[in-house]
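Participant: Fold the following, please.
(chains A and B)
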Amino acid sequence: MSTDVVEKSQVDIGAYRYGFHDPTDKYSFTSRKGLDADIVTQISRLKGEPEWMLEFRLHALEIFFQKPMPYWGGDMSDLDFQDIYYYVKAADHQGKTWDDVPEDIRRTYDRLGIPEAEKKYLSGVKAQYESEVVYGSLQEDLAKQGVLFTDTDSALRDHPEIFREYFGTVIPSADNKFAALNSAVWSGGSFIYVPPGVKVEFPLQAYFRINTMNMGQFERTLIIVDEGASVHYVEGCTAPTYSSDSLHSAVVEILVKRGGRCRYTTIQNWSNNVYNLVTKRAMAYGDSLMEWVDGNLGSKLTMKYPAIYLMEPGARGETLSIAFAGKGQHQDAGAKMVHCAPHTSSRIISKSISKDGGRSSYRGLVKVNKGAEDCRSNVVCDALILDPESQSDTYPYIEIDENNVSIEHEASVSKIAEEQLLYLMSRGLTEPEASAMIVTGFIEPLVKELPMEYAVEMNRLIELQMEGSVG
Amino acid sequence: MTAVAFSMFFQFEGKTGTMNSVLKIENLHVRVGETPILNGVTLNIRQGEIHALMGPNGSGKSTLAYTLIGHPKYEITEGTIEIDGVGLNEMDPCERARLGLFLAFQYPVTIPGVKVADFLRHAVSNVRNPERKEGENLISMREFRTELRQIMGQLNMDEEFARRYLNEGFSGGEKKRMEILQMAMLKPRFAILDETDSGLDSDAVRVVSEGLSKLAGPEMAVLIITHHERLLEYNIPQHTHVMLAGKIVETGDASLAHELHANGYAEVRKRHPEEAAREQQTENAASAS
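Facilitator: Model (predicted):
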């Protein structure tokens, strides 16, 4: 199986493959550039939202304007909030079949391989293009069991009680500047509810695509896994390569109730002109398991630290994170684990690769609250630096307010050793093949956690990143 | 098993070169940084021959091995390496491997996370099809699997080896067997074994020796670098060379290997006072620094 991975990963040569873009002249609506209360009101009115949501948005907008830019993390000096389109609607309705989706847009998803993947191994798909979800599907038997998988706008309209009960409870608007921004202008995203005891066998996938230059995409995802239920949600992201920047600032809120299980896998492959500033947080209740699998390959700057709050005894949290920083890229990524209850455990495994002057930073927090005794946490972060121009930093934060806990932190930084290259080359591999093989091996412990199809995709993307600058 | 049975198992495919290719090393001078290590090595090896290279520690045996496969740390200041008239001096290790050179490393390198089978399939694809470009198809999975399974069986290796990460957590003996497995899969015209028998218990030496004797044949020449005699018991060399202070000072047949093993290098040093003196100088310089 894994040998196939190597073979498939060798197929394409070139740098970023998803840099193409579609014409935008047939779009149904594009807001004017810039951000103010009028724009926010316009978005809410266009969507036909209830009054409480408009108020929620306007309140968040105030918070956004009040909060200063973060002084830590990456360089955002080029980011001009008034030079962005906050709402772009490409199609006037959502398709239930791919035939309902406008042809230009459908072709894009064909090129990304989404309909193909859907047929083979997915339980449901959402495709978001610019600000709105343009396609949605869910297997019929899951719908019959009460599983909800819809875009977040439809959820607000069609399932108002459950929506209002949870929306904004995991990540309040005031959490940080970008959470406030998202709360003000959010559009699209996935809403998932899995009823008690229902196990969704195959992954649900969402695919996010930005097409317009200077576009801001602000999807809002809310996942509720009820008691004893389980789901695996996967998201992929790409955008065209433009000379000016786009902004992606999502908020993802997850609740995993007693005995539930949720895995959230991201393979982020934005083009190198996208600021990717995302807030992701899950609350895990008694004996539940929450896992983030976070692959960050693209973007200009990513700042993302998926968090898990372990709320009740027996809750477990795990984050596996892979970052690849190439030329002109800064991946500031990591994880947060907050132990709010006794007998909880967490694990963070982070692997980063820096190449061609790229910079990857691991930024992580392990926090144990007073009273959360008998907690265990294990953090391992390994960095691989491929050339002298590239950089890697580690910022581990540990805050412990309880004595009886076990916290382990290991970190390593390595370079590809000359002896490793020589060894592989002496067996007939070219230098780029040898480097790529060493990198593939470096991330293998994480990639093997992915379902087969995503493992192939991940290896292929890494391979492309490697080839993009070799030779 | 008899030699006939083995030759049935090891059906060598024709290499690009002609039968009886020659690896020609001519007046080779090599240095590492500013330090000269090889001081004019001349050696001809024909396909099908078994050569033993012996000599005290620091005499330059491993340097010769690394230089032959193109280790960038070893700089050739004079002399040539050729296979059938094609110069190797400027080739990188990958090109040399594709020409049919192989080194069984004294200290095989660990490549974490890379499965033996994935690595070997890639290596075999390149070496058997020297024209293969990056990204082109690998040899068929089915063909590769069948062959790998067969050869692992012959080397008494558990199939589980193929799924392990390359040399990661391998014992000394397992690493050496992995080298022999790679050699068997890559079928080089010229194989160099650098102290493949060192650090092994006698059972492991037997396994490696038997594996090697199955592989050595008319299509493959072997240069065995060793301190010990054990590997040579199974693989009798037609030629034995003695290296001292970066030069081959004596060449004989298998009996020379026995003599060196029995008596050490004192007699050799007496017979070659000039090299012995240089050896002493180098040692003094090393201990002074």
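Participant: Can you tell me what sits against the helix or strand where residue A:108 lies?
Facilitator: Element membership for residue A:108, per DSSP states H and E: helix A:103-112. With CB atoms under 8 Å, 6 or more residues apart in numbering or on different chains as the test, helix A:103-112 has contacts from A:18, A:20, A:22-23, A:26, A:90-91, A:98-99, A:101, A:115-116, A:127, A:129, A:134-135, A:207, A:209, A:211, A:236, A:238. (Each C-beta comes from the backbone N, C-alpha and C, glycine too.)
Participant: repeat that with 10 Å
Facilitator: Here helix A:103-112 makes contact (CB atoms under 10 Å, 6 or more residues apart in numbering or on different chains) with A:17-18, A:20-24, A:26, A:90-91, A:95, A:98-102, A:114-118, A:125, A:127, A:129-130, A:134-135, A:207, A:209, A:211, A:236, A:238, A:240.
Participant: Can you report phi and psi for residue B:42?
Facilitator: Phi and psi for residue B:42, reported as degrees, to the nearest 10, are phi -120, psi 130.
Participant: Isn't it up against residue B:27?
Facilitator: Yes - judged on CB atoms under 10 Å, residue B:42 makes contact with residue B:27 at a distance of 5.7 Å.
Participant: Give me the common contacts of the two.
Facilitator: With CB under 10 Å, 6+ apart as the test, residue B:42 and residue B:27 both reach residue B:79.
Participant: quick one: contacts for the closest residue to chain B within the stretch 51-200 of chain A?
Facilitator: Among all residues of the stretch 51-200 of chain A, residue A:113 sits closest to chain B, at 18.9 Å; criterion: CB to the nearest CB. Taking CB under 10 Å, 6+ apart, we find residue A:113 in contact with A:120, A:207, A:236, A:453, A:457.
Participant: again with residue A:181
Facilitator: Residues counted as contacts of residue A:181 (CB under 10 Å, 6+ apart) are A:35, A:60-61, A:63-65, A:67, A:81, A:86, A:173, A:216, A:218, A:247, A:249, A:251, A:277, A:279.
Participant: And for residue B:252?
Facilitator: Listed by CB under 10 Å, 6+ apart, the contact partners of residue B:252 are B:52, B:237, B:239, B:240, B:241, B:242, B:258, B:259, B:260.
Participant: what about dumping the CA coordinates of the helix holding residue A:108 to PDB?
Facilitator: The C-alpha trace of helix A:103-112 is given here as PDB (Å, rounded to 0.1, in the frame of the first residue of the first chain):
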ATOM      1  CA  GLU A 103     -20.300  24.900 -15.100                       C
ATOM      2  CA  ASP A 104     -17.200  27.100 -14.400                       C
ATOM      3  CA  ILE A 105     -17.400  26.200 -10.700                       C
ATOM      4  CA  ARG A 106     -18.100  22.600 -11.300                       C
ATOM      5  CA  ARG A 107     -15.100  22.300 -13.600                       C
ATOM      6  CA  THR A 108     -12.900  23.700 -10.700                       C
ATOM      7  CA  TYR A 109     -14.100  21.000  -8.300                       C
ATOM      8  CA  ASP A 110     -13.600  18.400 -11.100                       C
ATOM      9  CA  ARG A 111     -10.000  19.600 -11.400                       C
ATOM     10  CA  LEU A 112      -9.600  19.300  -7.600                       C
END
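Participant: after it comes which helix or strand?
Facilitator: Proceeding N to C from helix A:103-112, the next assigned helix or strand is helix A:114-121, under DSSP H and E.
Participant: Give the rounded mean pLDDT of that next one.
Facilitator: Helix A:114-121 shows a mean pLDDT of 83.
Participant: Could you pull up phi and psi at residue A:30?
Facilitator: With angles defined as degrees, to the nearest 10, residue A:30 sits at phi -130, psi 130.
Participant: do you know how far it is from chain B?
Facilitator: As for residue A:30, its distance to chain B is 40 Å (criterion: CB to the nearest CB, to the nearest Å).
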